[in-house]
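[1] Coordinates for the following, if possible.
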Amino acid sequence: MLTMIAAAQLPVLGALLAAGALSKVWTARGEAEPGALSRLGPAVLVVDRWRAPAMLGCAAGETALLAGLVMTGHPLFRWCTAAFFAISTYVLWELRRRRPDVGCGCFGEVSAVPVGLRSLGRTMVLTAMATGLVWTPPVPGWSLLTGMTWPQALAAAGGLLVLAVLSPEIEEAAARLRYRAPCEQRPLDPAPALNRLRASAAWRSHEKLLSSTDPVDSWRELCWRFFVYPGQSHSGEAVDVVFAIYLSGRHPAVRVAMVGFDGQPVDMAPLPKSMPVSAGR
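    Sure, this is the predicted structure:
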């Protein structure tokens, strides 16, 4: 019975390793918030320029352990997994003692809550799961997944439930889902707005009037991104062709206006009052 319960934890360990590796890569490569790595362990234990490589190295180690557990039944990967979680427990203990202000970084930026007893308890449970796995039959993880019985599925679900109770990241993720910053306050890359513009009907209908397809000016106001192109009006007058792209929604609005050198619209109706034009220029 105990052997069956221990073997059933292999998918649980695999899921945690996969989630940890993916979230660390996402955080290290994208750094969703400026300075996020300075608040996450164990990256805080190294100098600034090595923080991203350290997190990527940890993700690479988790990926190697995951591949070994899933593809083979070799005891080496099971012992290494147990050692990995045991070392993680020690590192988190040191972080809690030396840097009580930083998060564990176990799941990247979402693990920014300071290390507490729940995070420590989780790594201890994972260490126990990995150690128990050492004494189970050496079968590849994929064969266990494909041949899982109902008792094993229930044992795996129980393991996941215990880890969920010990994971403060769940509350953090739920809080982030409940609160989303308004469009006006979210940092947004101008590249997607430019792509939306060039795929729009407004672009296609005015492209022939442009002197260049490279914008000469661009700025953001609230939830609108503006691009200015040199062009000519229908009557041949030199104008600025101003496109405005709304930055939210699956099908964002795209507006266009021709503006003369005096700042007045040419051959077109003014832009909506809710969409400022001149303040950012």
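
[2] Phi and psi next, for residue 228.
    Here is the backbone geometry of residue 228 (degrees, to the nearest 10): phi -110, psi 130.

[3] Dig out what it forms beta bridges with.
    Beta bridges link residue 228 to residue 217, residue 242 when assigned by DSSP bridges.

[4] if I read this right, it contacts residue 244, doesn't it?
    No. Taking contacts as CB atoms under 8 Å, residue 228 lies outside contact range of residue 244: 10.2 Å. Every residue, glycine included, has its C-beta placed from N, CA and C.

[5] Any regions of the stretch 51-200 of the chain where pLDDT drops low?
    For the stretch 51-200 of the chain, the stretches with pLDDT under 70 are 176-181.

[6] any chance you could map the helices in it?
    Remark: helices assigned in the stretch 51-200 of the chain by DSSP state H, counting those that start in this stretch are 51-71, 75-98, 117-134, 141-146, 150-165, 169-178, 190-198.

[7] returning to what we had before: of residue 228 and residue 244, who's got more company?
    More neighbours surround residue 244 than the other of residue 228 and residue 244, with 22 against 18 (other CB atoms under 10 Å).

[8] Checking that one next. Helix, strand or coil?
    Classification of residue 244 using DSSP: H, G, I helix; E, B strand; the rest coil returns strand.

[9] Look up how far residue 172 lies from it.
    Using CB to CB, to the nearest Å, we find residue 244 at a distance of 36 Å from residue 172.

[10] Check the burial of residue 133 by counting its neighbours.
    Residue 133 has 24 nearby residues by other CB under 10 Å.

[11] er, residue 134 I mean
    13.

[12] hang on, it packs against residue 82?
    Yes. Contact between residue 134 and residue 82 holds when scored by CB under 8 Å: they sit 6.3 Å apart.

[13] which ones are touching the nearest residue to residue 16 once chain neighbours are set aside?
    Distances taken as CB to CB, 6 or more residues apart in numbering put residue 126 closest to residue 16, at 6.5 Å, once the chain neighbours are dropped. The contact partners of residue 126, taken as CB atoms under 8 Å, 6 or more residues apart in numbering, are 13, 16, 85, 88, 163.

[14] Please tell me I have it right and the second one contacts residue 162.
    No. Counting by CB under 8 Å, no contact exists between residue 16 and residue 162, whose distance comes to 11.7 Å.

[15] so residue 40 makes contact with residue 99?
    No. At 10.2 Å, residue 40 does not count as touching residue 99 under the criterion of CB under 8 Å.

[16] Which one's more surrounded, those two?
    Counting neighbours by other CB under 10 Å for residue 40 and for residue 99 shows that residue 40 has the greater number, 25 against 16.

[17] tell me the contacts of the more buried one?
    Residues in contact with residue 40 (CB under 8 Å, 6+ apart) are 27, 55, 102, 103, 104, 105, 108, 109, 111, 112.

[18] What are the buried residues along stretch 210-220?
    Within stretch 210-220, the residues that qualify as buried are 215, 220, counting by 16 or more other CB atoms under 10 Å.

[19] Averaged pLDDT, it. What do you get?
    For stretch 210-220, mean pLDDT is 90.

[20] Then stretch 253-262?
    Stretch 253-262 comes out at a mean pLDDT of 84.

[21] Tell me, what's the model's pLDDT at the residue of the chain most remote from its centre?
    No residue in the chain sits farther from the centre than residue 235, which is 49.2 Å out by CA atoms, centre = their mean. pLDDT, residue 235: 77.

[22] measure it to residue 209 for me?
    Counting by CB to CB, the gap from residue 235 to residue 209 is 11 Å.

[23] ok, now residue 199?
    From residue 199 to residue 209 the distance is 18 Å (CB to CB).

[24] What of residue 231?
    Here the criterion is CB to CB. By it, residue 231 lies 5 Å from residue 209.
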